[in-house]
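> give me a 3D structure for the following:
(3 chains, ligands or ions: 1)
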Amino acid sequence: MTSREKILASIASNKPSLVTMPNVPIFEGDGSVERFKNVLESIGGTAVELTTKAECQEAIDKYYHDLVNVASDIVKANVSINLDTNKDILEQVDLAVIQGEIGVAENGTIWVPESNMLNRALPFITQHLVLVLDKHNIVANMQQAYDKLEGVGNYGVFIAGPSKTADIEQSLVIGAHGARSMMVLIY
Amino acid sequence: MSHQNHPELAEAFNKDFERTTWHDETLWFVRQKRDKAVYPIPEFQDLRTLASEIKDHTLSNLDNYLIEFEQNAIKNGVKVHWAADAVEHNQIVMEIIKNSCKVEGRNPRLVKSKSMLTEECHLNDFLEKNNIDVVDTDLGERIVQFRNEPPSHIVLPAIHLKKEDVGETFYEHLGTAKGEKDPQILTEAARQHLRGKFVAADVALTGVNFAIAETGSFVVCTNEGNADLGVNLAKVHIACMGIEKIIPDLHHLSVYTRLLARSATGQPVTTYTSHFTKPVEGKEMHIVIVDNGRTQQLGREDFRSSLKCIRCGACMNTCPVYRRSGGHSYDFTVPGPIGAILSPNIDLHKHKSLPFASTLCGSCSDVCPVKIDIHVQLYKWRQIVGQANELPAAKKWAMKGMAKVLSMPKVYDLSGKLARGALRILPHGLTHNESMNPWAKARELPDAPKQSFKEWYEENRQ
Amino acid sequence: MLNTVGVFIRVKLPKLIFRPLELKNMKVALFIPCYVDQFYPNVGVATLQLLEKLGVEVTFPMKQTCCGQPMANGGCEQDSKGVYEHFVDIFADFDYIVTPSGSCTYHIKKHYDIIEQTPAVQKIRKSVYELIDFIENVLKIEEIPVDFPHKVGLHLSCHGQRGLRQANASEITGVRDGQISKLLRKLKGIELTELDRNDECCGFGGMFCVTEEAVSARMGQDRISDHLRNGTKVLTGGDVSCLMHLEGIVKRQNAPIKVMHIAEILNGNQP
Ligand code: SF4
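This next block holds a predicted model:
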């Protein structure tokens, strides 16, 4: 017997008789931009409201004028990143500006599918991260988010604020391995 | 090697009064953060119930969900491996690494994000003995790896260490300034050091928080971003999961992602909730599905619900015993209340003191996001330890004697009278002798009254 | 609780004439747990007197001993069967069994499942009541007219609180409320201590208090510090076992705290 067969057989003989699956409702909740912004700021992110998506460039120029290497398919970029970009170039990215799909007001997180990332490593290796989000795509909670998603694709990540750790004496430090700062441009 | 039990290790921990205070308060702070994150969610208790029931259902159909998961993962181009135990798991991981990266003139390099399963299997030691360089990339895990210690908590691996200790370790291993203890500066040093490791790695290994049967995807939750950074830079991704990580579909996942981080650290959600389904063209993704005692636990009716654990660590943070004895006092990969009900399944003899390392206060069961009745299981494990003749002889006979006395009212009345009489007559120094009476180390005995209640009742009411 | 020398001061209190209809002809037994009987008889006396004042006719079966919890928690549940059966024999005839211990009540309700579930056993598991639960939910008494002008710290014993759900648990809600605090709050002149940790275990834990002496003592010391920090003068609770442990620490530290069981306070005893 292979281990696979052994494990499956052992489960079959040890599991209890079938327990019914509960009905999992989609809970209501406050999906306002206000709440999303408040929660995002409480977890170390920054939220900036724009009137149109076209204002993204202006916002980047305003907040990130000192950063040199920008990767993006939304605003002006000076590093071109694609699936095959090698690690040395990825490592040089100061700022990535990419599209987020769904924001969750309850926890400040944003869904970023692979197709928006340019390269799977980009949102993590960049020193700073900006996600661009349509305010109509903010929902109340995770249940509503997955409901709206209809599948998670090949790879996708909910990102909530900048990378952080509290592994040294529970002191919160922003900027562990991933982005040191995270801004959401909401239009 | 003689093995120390929980009371001995806990006593040693408590020798340093100030440090025990600090450890207790640090973890209580996490518990309070959890409370603040939980109270405002009106349906939090409903979510706990759902999370518990979804897992009950899933465990009752686990084989079919695993098969469904495997089929979908294979369709996605993922290689699925099955390991019956730790040895096989380690062997599989090693072979994947050796087959996938034929590097010349140096060891293959592995970066790992947090995986309690690989701790359970003692993977690091095994790989290092087989000439593979292993770097734990979670900050807390890296700290304990440098120090050659096991993690003392499943979510906060270095919670037993003070910043001065970390400063000392980093001075030694990373060349930070002597005496540097600022967490900001120490974290930055680790960031620089580990970026180099991420870029240089051949293989990245992650744990699995949830595996989705319906899509063949698996979900990894981190705050630091180390899992994604490692995986997305390396050529090969190995994900190791226990069989119990399965949930049916994404709709169910949403229940757990609302519970996990709030329960664990009091954050609304982990910074990164990453869903891996298909590898990038030209790269490899492997999943190792591990039993290692889990199917046996599934067969134990009283204890199977321990498999519902989502490893949030809340039962540790809330446990008044854990906070005052430290994770290492449990001497098991998963410490704290949940560890105390998982470990006897693995080695009853070795871990027999753990079900007794609790007052059965029940805080763990009330905090647990999947509603495992941990304190009830502790009580039940105690009975199994008792039945298996694993109790210390003195205790066993004392219990038997006590039970006899208490089932015979006359004998009970008389022995009570004698004991009280003795307590009144004997000098304090003798009744409070520490080696004979552990109670008296820190406590006075109650005054022994002349009359028992019964005697009073006879005199006054009959 | 310190005054255990066998001298019991009868406190004159206006006798509460109270006899709910459905309690007429009900047989109520008093169960005084073994360690209370032996070491804290005054808690037994206070419980009895309190129930009498509340108009309850109480019987104390003389052959009672213990509920069997100490052995069972120690892993010797099987050895306790004899004790369980003895308990059932003694109490089978009563409609209510009242005891000043949440812990014993919890044990009987929860763990008497290993003996044959005869009608008597099933009945006992239902009819056993912790004292305060009995007062509030059977007698339906919401207030007891007693003066107690002291700053009182309430220790919630875990078996009463989480086991019997007699008080809210901080894991579940931020609202601090429960059966004992409801009654206490209404005493004249009382001030209740607001603790930093409202419902942390004291560390008694049955055999735990000796097998895990270091942690047990430390837990108790931390509870006492919390009470001292926040001004408790009288420490009370529903379980003598927790109070015995905490009092042991208070006495060792010579801390300015007087420990009293809730039955003593409600009975009108003064510190
Ligand atoms: S037992 Fe419950 S509280 Fe403890 S780690 Fe597991 S899920 Fe969390």
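
> from here on, contacts and neighbour counts on C-alpha atoms
Will do.

> residue contacts, the residue lying closest to A:Leu18 once chain neighbours are set aside?
Distances taken as Cα to Cα, 6 or more residues apart in numbering or on different chains put B:Ser60 closest to A:Leu18, at 5.0 Å, once the chain neighbours are dropped. By Cα atoms under 8 Å, 6 or more residues apart in numbering or on different chains, the contact set of B:Ser60 is A:15-19.

> quick check, the residue in the stretch 101-250 of chain B closest to chain C?
B:His160 (16.5 Å; Cα to the nearest Cα).

> for the spatially most central residue of chain A, give me phi and psi.
The centre of chain A sits closest to A:Ile159, judged by Cα atoms, centre = their mean, with a distance of 2.4 Å. A:Ile159 adopts backbone torsions of phi -110, psi 130, taken as degrees, to the nearest 10.

> one step back: can you flag the buried ones in the contacts of B:Ser60?
Neighbour-count burial (16 or more other Cα atoms under 10 Å in any protein chain shown) is assigned, among the contacts of B:Ser60, to A:15-16.

> burial of the residue in chain A positioned nearest to the ligand, as a residue count?
Here chain A gets closest to the ligand at one residue, A:Asp167, 17.5 Å apart by Cα to the nearest ligand atom. A:Asp167 is flanked by 25 other residues according to other Cα atoms under 10 Å in any protein chain shown.

> and if you look at C:Gly189?
If we define neighbours as other Cα under 10 Å, then C:Gly189 has 12 of them.

> spatially nearest residue to it (excluding sequence neighbours)?
Using Cα to Cα, 6+ apart, the closest residue to C:Gly189 is C:Pro149 (4.0 Å).

> I'd say B:Asp136 and B:Thr118 touch.
No - judged on Cα atoms under 8 Å, B:Asp136 makes no contact with B:Thr118 at a distance of 11.1 Å.

> assumed B:Ser52 was part of a helix.
Yes - under DSSP: H, G, I helix; E, B strand; the rest coil, B:Ser52 sits within a helix.

> wait, does the helix or strand harbouring C:Glu247 contact chain B?
Assessed by DSSP states H and E, C:Glu247 sits inside helix C:240-253. Yes - against chain B, helix C:240-253 shows contacts by Cα under 8 Å from any Cα of the partner chain at C:244-245, C:247-252.

> what's the first helix or strand after that helix?
strand C:258-261.

> that following strand close to chain B?
No - judged by Cα under 8 Å from any Cα, strand C:258-261 stays clear of chain B, getting no closer than 11.6 Å.

> just for the stretch 51-200 of chain B, where's the confidence low?
When residues are selected by pLDDT under 70, none of them lie in the stretch 51-200 of chain B.

> please, where are all the helices along it?
Taking DSSP state H, counting those that start in this stretch as the criterion, the stretch 51-200 of chain B contains helices spanning B:62-75, B:86-100, B:116-120, B:123-129, B:139-146, B:163-174, B:183-200.

> what lies in contact with the fifth one?
Pointing back at helix B:139-146 there. By Cα under 8 Å, 6+ apart, helix B:139-146 touches A:165, A:167-168, A:176, B:114, B:135-136, B:150-151, B:156-159, B:166, B:169, B:173, B:187, B:190.

> near C:Leu111, how many other residues are there?
Small correction: residue C:111 is His, not Leu. When neighbours are counted by other Cα under 10 Å, C:His111 registers 18.

> contacts for stretch A:59-71?
A:75-81, A:92-97.

> correction: the previous question concerned stretch C:232-239.
With Cα under 8 Å, 6+ apart, stretch C:232-239 has contacts from C:100-103, C:132, C:150-157, C:160, C:180, C:192-193, C:227, C:243, C:256-263, C:271.

> which SSE is residue 182 in?
Unless you meant another one, I'm taking chain A. A:Met182 belongs to strand A:181-186, assigned by DSSP H and E.

> to clarify, I was referring to chain C.
helix C:179-185.

> tell me, how many residues neighbour B:Arg109?
22.

> name the helices or strands packed onto the longest helix seen in chain A?
In chain A, taking DSSP state H as the definition, the longest helix is helix A:3-14. For helix A:3-14, the packing partners by 3 or more Cα pairs under 8 Å, 6 or more residues apart in numbering or on different chains; DSSP states H and E come out as helix B:62-75, strand B:79-83, helix B:294-298.

> deepest of these, which one?
Most buried of the helices and strands packed on helix A:3-14, by mean neighbour count (mean count of other Cα atoms under 10 Å in any protein chain shown): helix B:294-298, with a mean of 23.

> ok, how many other residues are close to the nearest residue to A:Glu106 once chain neighbours are set aside?
Excluding its sequence neighbours, the residue lying closest to A:Glu106 (Cα to Cα, 6+ apart) is A:Asn141, at 5.3 Å. A count of neighbours around A:Asn141, defined by other Cα under 10 Å, yields 25.

> would you confirm that A:Asn141 contacts A:Ile102?
No - the criterion here is Cα under 8 Å, and A:Asn141 misses it with A:Ile102 at 10.6 Å.

> pull the residues that contact stretch B:74-89.
With Cα under 8 Å, 6+ apart, stretch B:74-89 has contacts from A:3-4, A:6-7, B:70, B:73, B:92, B:120-122, B:216, B:277-279, B:284-293.

> how about the contacts made by A:Ser171?
So A:Ser171 contacts A:165, B:183 (Cα under 8 Å, 6+ apart).

> kindly report the same for A:Glu169.
Taking Cα under 8 Å, 6+ apart, one finds B:26, B:159, B:161-163 in contact with A:Glu169.

> rerun at 10 Å
B:22-23, B:26-27, B:140, B:156, B:158-164, B:166, B:183 (Cα atoms under 10 Å, 6 or more residues apart in numbering or on different chains).

> same check, this time on A:Thr165
So A:Thr165 contacts A:171-177, B:138-140, B:156, B:183-184, B:187, B:222-225, B:271 (Cα under 10 Å, 6+ apart).

> mind running it again at 6 Å?
Contact analysis of A:Thr165 by Cα atoms under 6 Å, 6 or more residues apart in numbering or on different chains lists A:172-173, A:176, B:224.

> report the buried members of the residues you listed.
Counted by 16+ other Cα under 10 Å, the contacts of A:Thr165 give A:173, A:176, B:224 as buried.

> tell me which stretches of the chain form helices.
Unless you meant another one, I'm taking chain A. Along chain A, the stretches classed as helices by DSSP H are A:3-14, A:33-42, A:56-63, A:87-90, A:122-125, A:142-149.

> that's the wrong chain, I wanted chain C
C:34-39, C:41-53, C:69-73, C:81-91, C:102-111, C:119-127, C:131-133, C:158, C:179-185, C:208-211, C:213-229, C:240-253, C:262-266.

> out of the ones you listed, which is closest to chain A?
helix C:213-229 (21.3 Å).

> residues from the stretch 1-150 of chain B in reach of chain A?
With the criterion set to Cα under 6 Å from any Cα of the partner chain, the stretch 1-150 of chain B comes near chain A through B:57, B:60, B:63, B:82-84, B:140.

> of those, closest to A:Asp134?
B:Gly140 (36.3 Å; Cα to Cα).

> low-scoring pLDDT stretches of the stretch 51-200 of chain C, where are they?
Using pLDDT under 70, the stretch 51-200 of chain C has no residue that qualifies.
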